[in-house]
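Peer 1: Pasting a predicted model and its sequence here:
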Amino acid sequence: MADVVPQPPVRDKLHAAAAAEASGDRIEAMGLLAEAFDELFNPHHHAYVDPSPLRFGENLTSIARLHGGDTAAVLYWLRGDSKGGGYEDPRGLATQLDATIEFAATAQTALRVMALGIDFPRYLRFDNLTPSIDGTYGDPLARSYPDGYAPTGEHFSYCQGFVIEVALRMAEVKTYLV
């Protein structure tokens, strides 16, 4: 089925995933499917459709977001001291900013799914079955597997079909934009 995918890098990852599955390395196969999806879905990694229908502002990836108290530290730094100096404690504002950014990142993903006409519950199942792509500047395809990760053959088949469906949908969207 991967041969119907018009995007060569995605098709190559689908072939590699099928080969890994056939050789019994299902964890690698699922990681390759997650990478293939990321290649399609992340507007910063591809040029299949320009302008990308998936670009809803700057990409709020985990790389760009502040984590674990960093927002409060930045606010303290901007204020110029850490003693209070008559200012209110910035932790409340930091918590609100962190929550807003987390919501915006989640909403951005939902908008991308809906913009492609993909069934959101199907996307959520794919997302739950595959490892996270938690890229860094040095390794944009770094994978994160949950403890006890043990996908089944049915999980692989579902995710493989889902990536193919998204690739075909992306190709269809491209026809409307050129």
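Peer 2: Thanks, I have it.
Peer 1: could you measure Q96 against E102, distance?
Peer 2: 11 Å (C-beta to C-beta, to the nearest Å). From N, CA and C alone the C-beta is placed, and that goes for glycine too.
Peer 1: tell me the secondary structure for P140?
Peer 2: coil (DSSP: H, G, I helix; E, B strand; the rest coil).
Peer 1: quick check: domain ranges of the chain?
Peer 2: 1-54+118-178, 56-115 (automatic domain parsing).
Peer 1: Going by residue numbers, what spans are strands in the protein?
Peer 2: Here the chain has its strands, by DSSP state E, at 132-133, 143-144.
Peer 1: average pLDDT for the last one?
Peer 2: The pLDDT scores in strand 143-144 average 90.
Peer 1: so what strands line up beside it?
Peer 2: Sheet neighbours of strand 143-144, with direction, are listed as strand 132-133 (antiparallel) (DSSP bridges).
Peer 1: got a list of contacts for the strand it pairs with?
Peer 2: A34, E35, D38, P140, L141, A142, R143, S144 (C-beta atoms under 8 Å, 6 or more residues apart in numbering).
Peer 1: quick one on the thing from earlier: comparing the domains of the chain, which yields the minimum mean pLDDT?
Peer 2: Among the domains of the chain, domain 56-115 carries the lowest mean pLDDT (a mean of 68).
Peer 1: What ranges does this structure have for its helices?
Peer 2: In the chain, helices defined by DSSP state H lie at 8-22, 26-41, 70-79, 91-115, 120-129, 153-177, listed in chain order.
Peer 1: Point out the most buried one among these.
Peer 2: Most buried of the helices of the chain, by mean neighbour count (mean count of other C-beta atoms under 10 Å): helix 26-41, with a mean of 23.
Peer 1: now that helix against helix 91-115, angle please.
Peer 2: With axes from the mean of the first three to the mean of the last three C-alpha atoms, to 10 degrees as the basis, helix 26-41 and helix 91-115 are set at 90 degrees to each other.
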